[in-house]
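Q: Next one to model:
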Amino acid sequence: MAQVALQVVKDNGVNTEELVQKLVRAAAAEFTTYYYYTILRVNAIGFEGEGLKEIIEDARLEDRNHFEALVPRIYELGGELPRDIRAFANEAACPDAYLPQNPRDMREMLKVLVEAERCAIRVYTDICNMTFGKDHRTYELSLAILNEEIEHEAWFSEFLGEGPSGHIRRGSPGESPYTSRFLVAPNGHQKV
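A: All right, here's what the predicted structure looks like:
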């Protein structure tokens, strides 16, 4: 844990225990969303489903990246992940993104996807508001994730006919253009 960095955040008026709890709940939501998006992606079949599959995959992989980027910050602030995965999943800040009753109904699947993204937007907006001007590192990380979650919502809401998203295909699925600078590769070097 970074002692001076932690003390500066506390001195700036951030309740670090509350912040860590919010970050753990956000990480749990990203982890469970990655899992549920895997199920949703597998079930995106047929003419309509094939169009969704790539976008679900992009959001799914970026949610995994969000989890990976949040974990170091949780520990830097003196927190930790729950030791039991069931307890961790139960702490998720957003409801589970269950496969709809009729898995072939792509409109219902889109509603699940867009609501998951809207919940994430609320979670990261709250963390940004809590840390703005007080905890620059957590703020920048949360803002980066927020930007990607806003794009995810726009992609899915476009499929629902709520308007154009401006989505442009990324170089490769899971690229995380905003969050990638916070990710660390298995060899200890920053991913690019």
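Q: Give me the buried stretch members for the longest helix seen in the chain, please.
A: For the chain, the helix with the greatest residue count under DSSP state H is helix 46-76. By 16 or more other C-beta atoms under 10 Å, the buried positions in helix 46-76 come out as 49, 52, 55-71, 73-74, 76. For glycine as for every other residue, the C-beta is placed from the backbone atoms N, C-alpha and C.
Q: as a whole number, average confidence for that helix?
A: Across helix 46-76, pLDDT averages out at 94.
Q: if you average pLDDT over the helix or strand just after it, what comes out?
A: Using DSSP states H and E, the helix or strand that follows helix 46-76 in sequence is helix 85-90. For helix 85-90, the mean per-residue pLDDT is 97.
Q: ditto for stretch 104-111
A: Mean predicted confidence for stretch 104-111 is 95.
Q: residue ranges with poor pLDDT in this structure?
A: Low-confidence segments of the chain, defined by pLDDT under 70: 1-2, 167-170, 185-192.
Q: One more pass at 50, please.
A: Filtered on pLDDT under 50, the chain yields the residue ranges 192.
Q: in it, which spans are helices?
A: Going by DSSP H, the chain shows helices at 3-11, 16-43, 46-76, 85-90, 106-131, 136-159.
Q: Any idea which of those gets closest to Gly166?
A: helix 136-159 (7.0 Å; C-beta to C-beta).
Q: Tell me what angle the closest one forms with helix 16-43.
A: Orientation check (axes from the mean of the first three to the mean of the last three C-alpha atoms, to 10 degrees): helix 136-159 against helix 16-43 gives 30 degrees.
Q: which secondary structure elements does helix 136-159 contact?
A: Secondary-structure packing of helix 136-159 (3 or more C-beta pairs under 8 Å, 6 or more residues apart in numbering; DSSP states H and E): helix 16-43, helix 46-76, helix 106-131.
Q: These into TSV, with extra columns for distance to Leu143?
A: Converted to TSV, these look like this (distance: least, C-beta to C-beta, whole Å):
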stretch	distance to Leu143
helix 16-43	13
helix 46-76	12
helix 106-131	6
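Q: Nearest to Glu91 among those would be which one?
A: helix 16-43 (4.7 Å).
Q: Touching, Ser165 and Ala154? I think so.
A: Yes - Ser165 lies in contact with Ala154 (C-beta atoms under 8 Å); the separation is 3.6 Å.
Q: Check which helices and strands the longest helix of the chain sits against.
A: helix 16-43, helix 106-131, helix 136-159.
Q: burial measure for the closest residue in space to Lys53 that isn't next to it in sequence, as a count.
A: Nearest-residue entry for Lys53: Ala44, 4.5 Å, with adjacent residues in sequence omitted and distances by C-beta to C-beta, 6 or more residues apart in numbering. The number of residues packed near Ala44 is 24, by other C-beta atoms under 10 Å.
Q: doesn't Glu108 make contact with Ala44?
A: No - Ala44 lies out of contact with Glu108 (C-beta under 8 Å); the separation is 11.9 Å.
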